[in-house]
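# quick one: sequence plus predicted model below, questions after.
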2 protein chains.
Amino acid sequence: MTTTSYIAYDRGSDQRPKTHAINPATGLALEPGFAAPSSDEVEMAISLAASAFPAYSNTSPASRSAFLRTIAEELLGDVDAIAERGILETGLPDARLRGETARTIGQLRMFADMLDAGIWLDARIEEAIPDRQPLPKPDIRSMHRPLGPVAVFCASNFPLAFSVAGGDTASALAAGCPVIAKAHSSHPGVAALAAAAIVRAAKRCEMPAGVFSLLYGSGSEVGMQLVKHPQIKAVGFTGSFKGGKALMDAAAARPEPIPVYAEMSSINPVIFLPRILDEKSPQLAEAFLQSLTLGVGQFCTNPGLVFIVDHNAATFIETLSTSIQSAAPGVMLNAGICQAYQDATDLVAAEPGVKKYTSAVAPTHGQGVPQVFVIDAKDFMGNPKLTHEMFGPASLIVIGSKEEIATALASLEGQLTGSIHGTTDDLLSYKFLVDTLEKRVGRLIFNGFPTGVEVCHSMVHGGPYPSTSDGKSTSVGTMAVHRFTRPVAWQNCPQELLPRELQNGNPLCIPRLLNGALSKS
Amino acid sequence: MTTTSYIAYDRGSDQRPKTHAINPATGLALEPGFAAPSSDEVEMAISLAASAFPAYSNTSPASRSAFLRTIAEELLGDVDAIAERGILETGLPDARLRGETARTIGQLRMFADMLDAGIWLDARIEEAIPDRQPLPKPDIRSMHRPLGPVAVFCASNFPLAFSVAGGDTASALAAGCPVIAKAHSSHPGVAALAAAAIVRAAKRCEMPAGVFSLLYGSGSEVGMQLVKHPQIKAVGFTGSFKGGKALMDAAAARPEPIPVYAEMSSINPVIFLPRILDEKSPQLAEAFLQSLTLGVGQFCTNPGLVFIVDHNAATFIETLSTSIQSAAPGVMLNAGICQAYQDATDLVAAEPGVKKYTSAVAPTHGQGVPQVFVIDAKDFMGNPKLTHEMFGPASLIVIGSKEEIATALASLEGQLTGSIHGTTDDLLSYKFLVDTLEKRVGRLIFNGFPTGVEVCHSMVHGGPYPSTSDGKSTSVGTMAVHRFTRPVAWQNCPQELLPRELQNGNPLCIPRLLNGALSKS
């Protein structure tokens, strides 16, 4: 395993201070150590990315598609090594790591398919009308073009799908932007394996040097150097609100502000309506507990806040309180997350009116214990401490009338998801709650739980601030590519100089908006 | 003419301090005075917009389309009054005011057509695959939804097309967002006429009260109250860099930051290549002068910087220096703009190496005099004072080698447009200049000038910072609607609760992405 940064096709110095990942299940340091890049090395990675940009931005969609498929292929060959190292670095189980690698590979291929299909370009052609009165109409053609080098920050909780070769990198590379990834200090070894796969693929596909770099380094120094650098044109981040907000502020304070796509905190409200609770409270309680404890609750879509509307909830709570006793604690991703989880749940437990139900299984080192808190809506309202994210397998259940719940929902901050369980009758009677929820979230889920984010064309994994820095974006699905593009128009451009995507005769056979109507010609 | 703010369907108090527009051609105040709203009235307008949002956001595309067409119709009936008042308030000629009103009406109808066609929604459906392994695939559908109440700031230089009923308002209303417009203090009377047309249309179409308000007020107080208010969800602005940056900073500092779409300053570089200069320098010089002096140069697309590449330019300059002598000075929009123009051109004239050519026609009160400055590339490079916008009929011509011009171009800030004149041979030989220009601009123009922004599907009237606050957006053309929308996804939603746009059977007959392929079914 390599232990220095990838500065494009070169490597950083081995003579720099090293940090080690810690096995969260044992608290012990893992070999080898990974060297932080010098500030000159960071500068070199950025400079190579900037130099690669003109050539990479003009590669054909077909060649970028082939590049993404080659990365996928290279990753596939390393699944065993990734899973083996990932278990040590993250405490996540083998099946999860293999599943997440498969998802990451599928995601790369989805963006390759998107490049092949071409609709993402939003290619538009308005033909000239030279004899229009009072003025001639010019020929104007537009499509999406890449922004420039992108800095990608890896997430602690998704060592593959939201890390080095994850959705931010895949979408930026698809757009035509070089990527500089900043490894997460919790899983540098997995980062090294993913980066090696990307670099092998870039070489195989003869991509310009600088199309990809991977930087190590603990603390915020390397990251801030990236975000503040004039040659970096956008940022992708998945992590805490505090981390995301620091990047947003730094990006907004630049002489040239740049977009930061930060996916941050979300408590993902789940609403249960009365008729469906009458029908199947026990099943709903079990399904909720399963969603809550999946991946030790370390998902940004974890259901952290539940509303039980116009129902006494006794059966639901009874099932839950029984089942949670045998819910297994799990190793959390790192010591910091484990401690933060402890602190956040202790804080909620101490609030007035809160009743606590918890697993009876004793945790071992680094484990988070499933917990559920129950409160009456009257005690919930106006207590802002109760809407902070408890990152981990904990949730707060609020029981109240529809008026109380409507008020509570309307005062919630932006969320990635909102879920609502009800019979069709329920949903129609409580449609005002659905409408209120829609204004607060990126994804509305009916009779399901928010964990499990489908990677597809229609996915919105984003939501109003503070769940993300930009509620107009998604970090999952093909729409994610537009975080790293902007439209450009060509007016009266000779055919020879137009991008092939916009030339007469449609040589790439992509869907285009021709004088306002969709066309394949 | 009404002289108080429109607080939805009500009116602000007449007992507040009033300000008068000044006729820029005479320097005299115009009757009547317009009353600034109280802070309570501003609050009321916002509160009514927020109350209108749920209902307005759920109006059908067809009813919003009808609303926009009705505004167009109402404006059409007021063209004479608008032109008559506009001449007094702006100094713009009758034909321009009528032309701009026609453009504004056309723009409203374009967004209505867009709503009818439906592709702007980017409706996407991925159908469920219940038996997919290892996990079932859910049904996920997404489309664009409106952000919420939008504050629109009117521009000094476009009293119609970028003001009360202009592109920002039209696109926000099309998206489903209520609008609160802030009138520009230079043309409150034109604002009153446009607002009256919108209010009449809203009543005729039975839109919820609060879908539109118009606020007067000089200074930044009313504007800042709007931008900082938690119920305002986006901002549209066209004006100075200073004004736009103040809004950006205020919006970024909110507890919930919101997007600001500010179209600010741009000097719109124009490149002349050698072979075309050989062919027709005199014609190019005349056409350039015409573009430069159009509307007294008060366009954000005014060609403020010219590069003459690998050519001695003698004929071009000779024609220009002769023709400019008889170029008529024109009344500028207001005294502040006229003074700023004077200051900016004086500053450039005083820089080392600058040669000045100017109109020989003596200006009358409030007029700006056409001026052209010429400098050698060697003197231009590294002098940042020479790339500031001179808002008005002035331009700086830089003469140099391709190496010098390439360096100068690469160091330019973001621009709305970049133009390049050349024979096809020229353009192919100097393609590296086209590529460099593309990275700096929103719209590339070949053998033409940047003034004249076509209102159509493919227009990009945006550009990298600081030409706009968000280089991923356009303020002209149908793509402008996406400034005021965000994607929302519905997962496993019963048909009865889905928006009609996403229901099975495609009741609205709009193009949708069905399992990755475009479909009308």
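Nice, thanks for sending it over. Predicted model only: the values in this text are computed from it and were never measured. Residues are numbered from 1 along each chain as shown, chains lettered A, B, ... in the order given.

# list the contacts of the nearest residue to A:L135 once chain neighbours are set aside.
In space, and not counting its chain neighbours, A:L135 is closest to B:G452: 6.9 Å by Cβ to Cβ, 6 or more residues apart in numbering or on different chains. Every residue, glycine included, has its C-beta placed from N, CA and C. Contacts were defined as Cβ atoms under 8 Å, 6 or more residues apart in numbering or on different chains; by that measure B:G452 touches A:L135, A:P138, B:T301.

# ditto for A:V79
A:R98, A:T101, A:A102.

# most neighbours, which of these?
A:T101 (25 neighbours; other Cβ atoms under 10 Å in any protein chain shown).

# ramachandran angles for it?
The phi/psi pair for A:T101 (degrees, to the nearest 10) reads phi -70, psi -40.

# now do the contacts for it.
A:L75, A:V79, A:I82, A:A83, A:L160 are the contacts of A:T101 under Cβ under 8 Å, 6+ apart.

# neighbours around the last one, how many?
Looking back up the chat, that one is A:L160. Based on other Cβ under 10 Å, the number of other residues close to A:L160 is 33.

# same thing with the fourth one?
Taking other Cβ under 10 Å as the neighbour definition, A:A83 ends up with a count of 21.

# between the contacts of A:V79, which sits nearest chain B?
Chain B has its nearest neighbour among those in A:A102, at 9.1 Å by Cβ to the nearest Cβ.

# am I right that the closest one is in a helix?
Yes. Assessed by DSSP: H, G, I helix; E, B strand; the rest coil, A:A102 belongs to a helix.

# burial check on A:L76, number of neighbours?
13.

# name the nearest residue to it, ignoring sequence neighbours.
A:L76's closest residue in space is A:I105 (Cβ to Cβ, 6+ apart), at 5.8 Å.

# was I right to think that neighbour contacts A:A72?
Yes. Using Cβ atoms under 8 Å, A:I105 is in contact with A:A72, at 4.5 Å.

# in three-state terms, label A:G353 for me.
A:G353 is classified as coil under three-state DSSP.

# so which strand or helix has the residue nearest to A:L76?
Under the criterion of DSSP states H and E, A:I105 resides in helix A:94-117.

# ok, and for that helix, which residues are buried?
A:96-105, A:107-112, A:114-115, A:117 (16 or more other Cβ atoms under 10 Å in any protein chain shown).

# just curious, which of the contacts of B:G452 is nearest to A:V460?
Nearest to A:V460 out of the contacts of B:G452 is B:T301 (Cβ to Cβ; 34.9 Å).

# pretty sure that closest one sits against B:E454.
No. In this structure, B:T301 is not within contact of B:E454 by Cβ under 8 Å, at 11.3 Å.

# ends of stretch A:497-509, what's the gap?
For stretch A:497-509, the first-to-last residue distance is 18 Å (Cα to Cα, to the nearest Å).

# which other residues reach it?
Taking Cβ under 8 Å, 6+ apart as the rule, stretch A:497-509 contacts A:60-61, A:118, A:121, A:123, A:125, A:141-143, A:490, A:493, A:495, A:510, A:512, A:519-521, B:427-428, B:431, B:434, B:446.

# please redo it, this time with the cut-off set to 7 Å
Applying Cβ atoms under 7 Å, 6 or more residues apart in numbering or on different chains, the contact partners of stretch A:497-509 are A:118, A:121, A:123, A:125, A:141, A:143, A:490, A:495, A:510, A:512, A:520-521, B:427, B:431, B:434.

# show me which residues of the stretch 51-200 of chain A sit near chain B.
By Cβ under 7 Å from any Cβ of the partner chain, the residues of the stretch 51-200 of chain A that approach chain B are A:P54, A:A117, A:I119, A:R124, A:I125, A:E126, A:L135, A:K137, A:P138, A:I140, A:R141, A:S142.

# hmm, 6 Å instead?
Proximity of the stretch 51-200 of chain A to chain B, by Cβ under 6 Å from any Cβ of the partner chain, involves residues A:R124, A:E126, A:P138, A:I140, A:R141, A:S142.
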